[in-house]
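In: Dropping a prediction and its sequence here:
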Amino acid sequence: MWRGDPGPSPRSGAPPPAAAREDVNVVLRIRPLSASEEADHAVAGLDTALRAASETSAEFVLGATTTTFSFSHVLDEHTTQEATFRTAALPLIEDVLAGRNALLFTYGVTNSGKSHTMQGPPGDRGLVPRCLESLLAGLEGARAPRFSMYSDSMNQIFLQTDEQREADLKRFGRGAMSPGRAAADAIRPAVPDAGRHLFTVFLSYVEVYGDRVYDLLEAPGQDARPAREPRKLREANGRTFVSDVTEVEVHDLAEARELVARGNGSRQTASTAVNATSSRSHSVLTLRVARIPRGRAGRALRDPGLLHISQLSLVDLAGTERADRTQTRGQRQREAGDINVSLLALRQCFEALRRSKRTGRAQVVPYRDSSLTRLFRNYFEGDGRVTMLVCASPAAADAEETRHVLQCGVMASTLTTPASSTGPALGSALRRRPLDDDDGVAHRAKRVAICLDAEPAAAVAALMHSEEDVLATGQSMRQALDAYAQAHHAQYTTRLQDLQARGASLRDAIEAMEVDNVQLRARAALLAEEKQTAQEAAVALQREFNALVRKHDDVLAQLSGQQMQCVRVAEEKVQLERTLASERLAWQRERESLTIETIRQAAEADSLREAIELRDMQHAQENQVLAASSNRLRSRAQVERTRSAKMANKLAVLRDILEASDAQPAQQGSLVDSLPDPPGYLARAAEVRAPARAAQAAANVGSDYRTTEEIRAQLSAARPAGPAGTAAMTPMLTPIRRRDATSRRL
């Protein structure tokens, strides 16, 4: 197809027979446990929920139930990226180079390893980089010159003339005119008829975000359009494609890697509770391979009818999410809702296709419910081979979500699609510029081959062998055409007469149709009015639907908030229950300690009570003793008072003696005689006439006296005459006075 000419894009050949069908290839890849998941399993004593049982089956453990799921291939957690590429992607690369279309898409929950499998880190490349390396390595030495073909905004590829190619080279530069060398470790696929064709690879990269398709390779402000403008999905010739998307001719591996890196940088990603770089959209990387036969001197033929296009779509689907697990809010929660809705639409398409296969009757498949399923429609209707790469997590925390993913993968493995054709795609008849010599030969050969019911390739080879062969072949072909015209002249004459008769009948039918046409115009007017009314009603319904959608979004947001509030309330309840349990335990311990203390205090009180009673008894006994002592003291005091009275009498006598100490001896004798029992005292006093002996006698009297008579006797015998006798009597009176004072106190 020439650049600037109208017409549809080249397509694959005629559909295959209805009986030719092929199964959807489903590959299960189990990712290894992360360090945190291994720690959780070790603490809780859990085992992995998913493990590979064989090369085509896996065992899923949920509680005490073990279920076996079967797939086309099962890759365990030790499978490398290269082994995954050889199993899932390399056969599709070979199909694309052979002229067939192919689709590879990942499926799984969030944080199950989908993006790692598709992209991978720099040291462990994923499927996308390896597909680019393998495809370009397989086409090494068979690539058409840069700008030999051109892709427009309607998904069409055109051949360019030398003048147009030179203009593009001047416009975009001649950089990278010679393709770069392939990667050293690139896996080279098998390329059929590589020496007979030239290839050109085109790359486009889009994402489905919020059920809208965006171009990831579009620079901000390109073509005076605002950034992030959604692209439209269009249908032409039974195929769905993204219109007005950036599609770049890829000539070497470095350029392809740069384009993929630019697209990845434009993807919508965000951080969630389970994935730091969670994909918020579905990405679709499309590699289209245009193939054209070589002409003379290795140049590409310029006939658009010989141009064949095949494509490989690598789709990284975003993972299903649960808001309570990923802890998303607001915009991130709405994104998760859009992702889940599109994946649900894909699953519903799987279910409809499975019902159609079981019942043998055609079912309405809801491809139009989602932009993602619209893009998948061509492949599931027989436009290429389909491979589904199911990524699953073996963690016990993801067991419930993993079970749903495995069930969806098993459902997809039961599907079959019509086998796609590998024949060349021919363009429709177009208005073209005058062809040069090579194109003229190829064009004439094709036309002659069609007339002679021969293969165009054989005619091209015959015409292009040499100039003399071309002339000879042209002469023989003219003779063959003359013979062909004579042989079929009579047949054409008969057919012409039949056509004339049919023309007359058709004229009569046309006249009748003109009569009916008037009625149809009136009916059309009524239908136009009804259409206008229906359109107005549709607009009103669309507005109501938009209002309901907004209300639905608000309700979802409210439900999400209520769910989060319920989660917080549940967490608070658990925390309160834990606090209550700890307080109850502390109260029980305190009550036990108080009980022990009460028992101890009661024992102490009993002991104190017994001590007090014992002390009271002692006090009673002491009181009795004191009372007895008091009685004895009273008796003694009475005795002492009596004795004091006696002593008073004695003292009176002594005073009289003292006063009469200076009197005559006759008077002293009379005083002494007045004392009772004078002889005893006198006898003792006679012995102590001296003052010293009188003092000793007085001391003896003060300590040993018993009666007044004894005192009188002592005083009379011991008292010397004169003043010296008075002085000698003083020591004798001192103990008597002290005893008298004591008696008075008592």
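Out: Yep, it's here.
In: pretty sure Phe71 contacts Ala58?
Out: Yes: in terms of CB atoms under 8 Å, Phe71 counts as a neighbour of Ala58; the distance is 7.2 Å. (C-beta placed from N, C-alpha, C; glycine too.)
In: anything in contact with each of these two?
Out: Overlap of the contact sets of Phe71 and Ala58 (by CB atoms under 8 Å, 6 or more residues apart in numbering) consists of Leu28.
In: ranges for the helices of the stretch 501-650 of the chain?
Out: For the stretch 501-650 of the chain, no helices are identified by DSSP state H, counting those that start in this stretch.
In: Repeat that for the stretch 151-300 of the chain.
Out: 162-172, 253-266.
In: could you dump those helices to a markdown table with mean pLDDT?
Out: Output for the helices of the stretch 151-300 of the chain, formatted as a markdown table (pLDDT from 0 to 100):
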| stretch | mean pLDDT |
| --- | --- |
| helix 162-172 | 74 |
| helix 253-266 | 89 |
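In: between those helices, which one is nearest to His308?
Out: Ranking the helices of the stretch 151-300 of the chain by their distance to His308 (criterion: CB to CB) puts helix 162-172 first, at 20.0 Å.
In: Now the phi/psi pair for Thr417, please.
Out: Dihedral angles phi and psi of Thr417 (degrees, to the nearest 10) take the values phi -120, psi 150.
In: What number of residues are in the vicinity of it?
Out: Counted with other CB atoms under 10 Å, the neighbours of Thr417 add up to 19.
In: Then Leu541?
Out: For Leu541, the tally of surrounding residues (other CB under 10 Å) stands at 11.
In: same thing with the one 3 residues further on?
Out: Around Glu544 there are 10 other residues, counting by other CB under 10 Å.
In: do you know how far it is from Pro366?
Out: Distance, Glu544 to Pro366, using CB to CB, to the nearest Å: 22 Å.
In: go on, Ser57?
Out: Taking CB to CB, one finds Ser57 at 31 Å from Pro366.
In: just Ile510 next, same as before
Out: Noted for Ile510: a distance of 43 Å to Pro366, by CB to CB.
In: Likewise for Glu335?
Out: 22 Å.
In: do Ile157 as well
Out: Per CB to CB, Ile157 is found 31 Å from Pro366.
In: what about these two, which has more around it?
Out: Neighbours of Ile157 and Pro366, each counted by other CB under 10 Å, are more numerous for Ile157; the result is 21 against 14.
In: That one is in contact with Met149, isn't it?
Out: Yes: contact criterion CB under 8 Å: Ile157 and Met149 qualify, at 5.4 Å.
In: residues near the residue lying closest to Gly210 once chain neighbours are set aside, how many?
Out: Of all residues not flanking Gly210 in the chain, Asp338 sits nearest, at 4.9 Å (CB to CB, 6 or more residues apart in numbering). Around Asp338 there are 19 other residues, counting by other CB under 10 Å.
In: you'd agree Asp338 is in a helix?
Out: Yes: secondary structure of Asp338 (DSSP: H, G, I helix; E, B strand; the rest coil): part of a helix.
In: check contacts around it.
Out: Residues near Asp338 by CB under 8 Å, 6+ apart: 209-211.
In: Tell me the spacing between it and Glu321.
Out: 11 Å.
In: Identify the contacts common to those two.
Out: Common neighbours of Asp338 and Glu321, counting by CB under 8 Å, 6+ apart, are absent.
In: Can you tell me which of the helices of the stretch 151-300 of the chain is most buried?
Out: helix 253-266 (a mean of 17; mean count of other CB atoms under 10 Å).
In: Who are the packing partners of it?
Out: helix 127-138, strand 197-209, strand 248-250, strand 282-293 (3 or more CB pairs under 8 Å, 6 or more residues apart in numbering; DSSP states H and E).
In: residues in contact with the third one?
Out: Same thing as strand 248-250. Identification of contacts with strand 248-250 by CB under 8 Å, 6+ apart yields 132, 136, 146-147, 149, 151, 200-204, 217, 255-256, 259, 287.
In: How far does it sit from its chain's centre?
Out: How far strand 248-250 lies from its chain's middle: 37 Å, per CA atoms, centre = their mean, to the nearest Å.
In: I'd like the mean pLDDT over that strand, please.
Out: Mean per-residue pLDDT for strand 248-250: 89.
In: And that strand, what's buried?
Out: Buried residues in strand 248-250, counted by 16 or more other CB atoms under 10 Å: 248-250.
In: residues touching the closest residue to His197 other than its chain neighbours, list them.
Out: Distances taken as CB to CB, 6+ apart put Arg291 closest to His197, at 4.9 Å, once the chain neighbours are dropped. Applying CB under 8 Å, 6+ apart, we find Arg291 in contact with 99, 197-199, 307-310.
In: would CSV of those residues with neighbour count, pLDDT and distance to Asn264 be doable?
Out: Output for the contacts of Arg291, formatted as CSV (neighbours: other CB atoms under 10 Å; pLDDT from 0 to 100; distance: CB to CB, whole Å):
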residue, neighbour count, pLDDT, distance to Asn264
Gly99, 22, 88, 29
His197, 23, 81, 32
Leu198, 22, 86, 30
Phe199, 21, 88, 25
Leu307, 25, 83, 31
His308, 22, 86, 30
Ile309, 23, 89, 26
Ser310, 22, 91, 25
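In: nearest to Arg655, of those residues?
Out: Nearest to Arg655 among the contacts of Arg291, with distances taken as CB to CB, is Ser310, at 164.5 Å.
In: Wait, the closest one touches Gly99, no?
Out: Yes: taking contacts as CB under 8 Å, Ser310 lies within contact range of Gly99: 5.1 Å.
In: quick revisit: list buried members of the contacts of strand 248-250 by neighbour count.
Out: Buried among these by 16+ other CB under 10 Å: 132, 136, 146-147, 149, 151, 200-204, 217, 255-256, 259, 287.
In: Need the max-distance pair from the residues you listed.
Out: Spatial extent of the buried ones among the contacts of strand 248-250 (CB to CB) is set by the pair Leu132 and Phe147 at 20.2 Å.
In: if we can go back for a sec, could I get the helices and strands packed on helix 253-266 as JSON lines with distance to Glu604?
Out: As requested, those are exported to JSON lines (distance: least, CB to CB, whole Å):
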{"stretch": "helix 127-138", "distance to Glu604": "84"}
{"stretch": "strand 197-209", "distance to Glu604": "81"}
{"stretch": "strand 248-250", "distance to Glu604": "97"}
{"stretch": "strand 282-293", "distance to Glu604": "81"}
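In: quick one, which of these is nearest to Cys391?
Out: That would be helix 127-138 among the helices and strands packed on helix 253-266, by CB to CB, at 11.4 Å.
In: which helices and strands sit right next to the closest one?
Out: Here helix 127-138 touches helix 81-88, helix 90-97, helix 114-118, helix 253-266, strand 282-293, strand 308-316, going by 3+ CB pairs under 8 Å, 6+ apart.
In: Which elements pack onto the shortest one?
Out: Read it as helix 114-118. Counting contacts by 3+ CB pairs under 8 Å, 6+ apart, helix 114-118 is packed against strand 102-107, helix 127-138, strand 308-316, strand 385-392.
In: I am finished for the moment; much appreciated.
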